[in-house]
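A.B. asks: okay, predicted coordinates and the sequence, questions at the end:
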Amino acid sequence: MTRIMLRLALQGLKDMGLNPWALMLTLAAVSLVAFLAGLFLMALVSINHQLGTVRGETAFQVYWRPGTEMAVVKEQWDGIQHVPGFVQIKTFTPEEALRALGNRLGRSPRGASSLTKTFPTLAEKSPLPPTALVTFLPNEADYDRWMEEVTTYLKGLPAVERVAVTPLRDELGHAWRKISHFIMWPSIAFLCLVLALVVGNTIRLSLVARAQEIEILKLVGAFTWYIRLPLVVSGAAQGFLGGCFALTLLHFVHSHIKDVLNFPPLMIEIQFLPVSITILLLVVPTLMGVLGSWTAVRD
């Protein structure tokens, strides 16, 4: 029995070459539909990646303990500038912080001097801590993980007493991250459905030319599975090959257009399909090739 099924499967692969033009047109149709679906999904994945990546600035206010040696603090200021996403740092020594406070209180350049006159002990040594306002522009898809890593790094610096975070994230990206799963998965499901219907009907119609052969096999008393097995193998092979051709073409196109929009101010890098969607573009045409061939032979 196994030998018979194997022979029928090989016969199905050989029968694909009986009508080369029909085979080429079927593969072209399947490949084109899979390619267009993949191209749209590639655009959708790129948009999702772009909007899902945080582009807004995030500010960290870092406070050191009062009395910390400035040599240590300045060394840490230099180290902060090597953190990924760093934009700028605005630093205040205790004396500069006191002058800034005095200017704000007095609303004039003499505010600091009037403050030290009111409190003479401040003129000798400022009680304010060294501080730094650090701005980052994260380019990370996982913003929360990046935020946790940077906050942990800053809090772990020696003599740091407190870290305050002020995220200034872009509203569009924030809104997209909330609704993306309501858009992505329905879109993927819809395109897979369209791909399935078109591929299934294309392969089924390609078997019209073999309708007479199928009728003859029925008349001589061949079992339905005996008739179906070569057709199913042939349909699966055509669907799989069409998916492979589509992915090859997608990879070729992606290699030529991935940096087309990667310039200021857009800075959009077109992403290739993730592994899960790549597998779908192979599995869906293959399964629909099987289903289309199976339903082409009625009991």
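C.D. replies: Perfect, I can see it now. Numbering: from 1, shown residues only.
A.B. asks: low-confidence regions, the stretch 151-299 of the chain specifically.
C.D. replies: Within the stretch 151-299 of the chain, the segments meeting pLDDT under 70 span 167-174, 222, 262-267, 297-299.
A.B. asks: that one: helices as residue ranges?
C.D. replies: 171-206, 211-219, 224-257, 275-296 (DSSP state H, counting those that start in this stretch).
A.B. asks: the shortest one packs against which elements?
C.D. replies: Packed against helix 211-219 by the contact rule (3 or more C-beta pairs under 8 Å, 6 or more residues apart in numbering; DSSP states H and E) you find helix 224-257. Glycine gets a C-beta too; all of them are placed from N, C-alpha and C.
A.B. asks: again with the last one
C.D. replies: For helix 275-296, the packing partners by 3+ C-beta pairs under 8 Å, 6+ apart come out as helix 20-52, helix 171-206, helix 224-257.
A.B. asks: now swap in the third one and tell me
C.D. replies: Applying 3+ C-beta pairs under 8 Å, 6+ apart, one finds that helix 224-257 contacts helix 2-15, helix 20-52, helix 171-206, helix 211-219, helix 275-296.
A.B. asks: which one of the helices of the stretch 151-299 of the chain lies nearest to Gly17?
C.D. replies: helix 224-257 (10.1 Å; C-beta to C-beta).
A.B. asks: how far off centre is that closest one?
C.D. replies: Its chain's average C-alpha position is 26 Å from that of helix 224-257, according to C-alpha atoms, centre = their mean, to the nearest Å.
A.B. asks: compute the inter-axis angle for that helix and helix 171-206.
C.D. replies: Going by axes from the mean of the first three to the mean of the last three C-alpha atoms, to 10 degrees, helix 224-257 is angled at 140 degrees with respect to helix 171-206.
A.B. asks: tell me the buried residues in helix 224-257?
C.D. replies: Using 16 or more other C-beta atoms under 10 Å as the test for burial, helix 224-257 gives 227-247, 249-250, 253-254.
A.B. asks: still on that earlier bit, reformat the helices and strands packed on helix 224-257 as TSV; add mean neighbour count and distance to Thr151.
C.D. replies: Formatted as TSV, these follow (neighbours: other C-beta atoms under 10 Å; distance: least, C-beta to C-beta, whole Å):
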stretch	mean neighbour count	distance to Thr151
helix 2-15	13	60
helix 20-52	18	21
helix 171-206	16	19
helix 211-219	12	69
helix 275-296	20	32
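A.B. asks: wait, Asp259 sits on Gln271?
C.D. replies: No. Under the criterion of C-beta atoms under 8 Å, Asp259 makes no contact with Gln271, lying 11.7 Å away.
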